[in-house]
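S.K.: sharing a model prediction with you, sequence too.
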Amino acid sequence: MKFRIPVVLAIASIFSSTLFAQSQAGDPVWLVENITGKIFADVTENLDEYTANPELLEELVRNDLMPLLDINYSARLILGRAGRGLGQEKIDAFADSMSNLLIDRYSKGLLQFSSNIKLNVLPQRGDLNEKLTRVRTRVTLPEGGEAPVDYAFHKTPEGWKAFDVVVEGISYVTTYRNQIMPEVQADGIDSVIERLNTGQMQLAD
Amino acid sequence: MNNRHSIIGVILLSLLVAGCAGTQSRNTDPENDPWEGYNRKVFAFNTALDKVVRPIAVGYDKITPDPVQRGVGNFFRNLDAPVTYANLVLQGKFKQSIATMFRFLVNSTIGLAGFFDVATKMGIPYYNEDLGQTMATWGYEDSRYLMIPFLGPSTFRDGTGRLVDSFLDPVTRRVYGSNRWGLYIVRGIDARARYLDQDAELNEAYDPYVLMRDVWIQNREFQIYDGDPPMTDYDLYLEDDLDAEEPATTGGQ
């Protein structure tokens, strides 16, 4: 949903990412700045080519963005108690369907907006702990105004990975969870996976 | 919308109906929604009403050029400034309250009755406060979800706050005067037009009622904490224990 964005937050965006170059390679702030920054720049530069060949963009997103995400963890959070008793291969299949949808939607979003949006990463405050943290960003929208977008990260054996995106306070994991859990309980995981694979996953942006 | 009369009726109605509602969905997370049975009925009513309202909003959206639509939005937002001011004072945010008053003066004059948001261009920040948020910062943090006929998602706390805000708002009353019904309607249509992009997502959701509720509650929390709410307790999502996820019996009214 489109909500009014508290403009007070805009002030915080004065602290643009460049002022905070002390973030270390591999830590969450660094990952958001570099990986998403790189993707935005790439798409802006090669917009025509990607528009003509959307599958190239999907490839880029799959190779550059997906390693930054822990979709399996997101899937477990979303399934919650509905995932109890499901075999690992079902959970993996569910996570795969979610990845594919995410890549599809993210790529389409990039084509539409990348040349007009600007990303500011806010300075990390006290909420970095050893296992869990969030990176707060402001996305400047084409028609003016800013959307606050936060990423929840946790530490995995392969380093920090994001597992949730929170737009104007609305968490994808929480919101999907309350749609998926009852659906899995009513229709079964196979039918949910099939529906996701046919691309019908819908959620308020 | 500051539709005073209908809000009173709605709140009274809500109180009356509340007693006999209580169907609880056990398949979602425990939002504070003990009135789900009643709320779902109001949701169905609002959805039916939307069959009439939506086409009007679509038409309005089509014929109104974007700058005009922005102006209309600015105008109504500016009318809220005195209420925001009062609530900033009540929350002890004095610096922000002064900025809000200044913003109101600038936009009401140079901004031609609020149609142009000159204040933002001057760098005066915008704050969004209301009595519901004030009560939340005073400690009334958890309030049960309440779907209000015509107006949509709210909580008991926020619905009450809205009612009081609209009573105490001198500017809107003065400005709207005898044309207020027309302006209420324009405001409603304008507000509806802003959500047109989300219709498909809502309609295709597995449970549109739950989607609207979850999105609204999370965004409201975000407003109450001025854009910096505490992080979700994700560990809870992994817990298998059903009892731990039952609705808290201590949930507020």
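M.R.: Structure's in. What do you need?
S.K.: show me the shaky parts of chain B.
M.R.: Low-confidence regions of chain B, defined by pLDDT under 70, span residues B:1-30, B:172, B:175-179, B:240-253.
S.K.: quick one, helices of it?
M.R.: Counting by DSSP state H, one finds helices in chain B at the ranges B:4-18, B:36-63, B:66-79, B:81-90, B:94-109, B:118-121, B:131-137, B:156-168, B:170-176, B:180-193, B:199-204, B:208-224, B:235-238.
S.K.: how many neighbouring residues does the residue lying closest to A:Ile189 once chain neighbours are set aside have?
M.R.: Nearest residue to A:Ile189, sequence neighbours excluded (Cβ to Cβ, 6 or more residues apart in numbering or on different chains): A:Lys90, at 5.2 Å. In short, each C-beta sits where N, CA and C put it, glycine included. Using other Cβ atoms under 10 Å in any protein chain shown, A:Lys90 is surrounded by 18 other residues.
S.K.: in which helix or strand would I find A:Lys90?
M.R.: helix A:88-113 (DSSP states H and E).
S.K.: and A:Arg138, by the same measure?
M.R.: Using DSSP H and E, A:Arg138 sits in strand A:132-140.
S.K.: so what does that strand touch, helix or strand wise?
M.R.: Secondary-structure packing of strand A:132-140 (3 or more Cβ pairs under 8 Å, 6 or more residues apart in numbering or on different chains; DSSP states H and E): helix A:8-12, helix A:28-31, strand A:118-121, strand A:146-156, strand A:159-167.
S.K.: flag every residue of the stretch 151-253 of chain B that's near chain A.
M.R.: Contact residues, the stretch 151-253 of chain B versus chain A (Cβ under 8 Å from any Cβ of the partner chain): B:194-195, B:197-198, B:200-202, B:204-207, B:210-211, B:214-216, B:218-223, B:226-227, B:229, B:231-232, B:234, B:237-238, B:240, B:242, B:245.
S.K.: for the residue of chain A found nearest chain B, grab phi and psi.
M.R.: Of all residues in chain A, A:Gly169 sits closest to chain B, with a separation of 2.4 Å (Cβ to the nearest Cβ). The phi and psi torsions at A:Gly169 (degrees, to the nearest 10) take the values phi 90, psi -10.
S.K.: B:Ile224 is in contact with that one, correct?
M.R.: No: with contacts defined as Cβ atoms under 8 Å, A:Gly169 does not count as touching B:Ile224, sitting 9.4 Å away.
S.K.: how far away is the closest residue in space to B:Tyr145 that isn't next to it in sequence from chain A?
M.R.: Distance criterion Cβ to Cβ, 6+ apart; nearest residue to B:Tyr145, sequence neighbours excluded, is B:Asp33 at 4.3 Å. Using Cβ to the nearest Cβ, to the nearest Å, one gets 11 Å for the distance from B:Asp33 to chain A.
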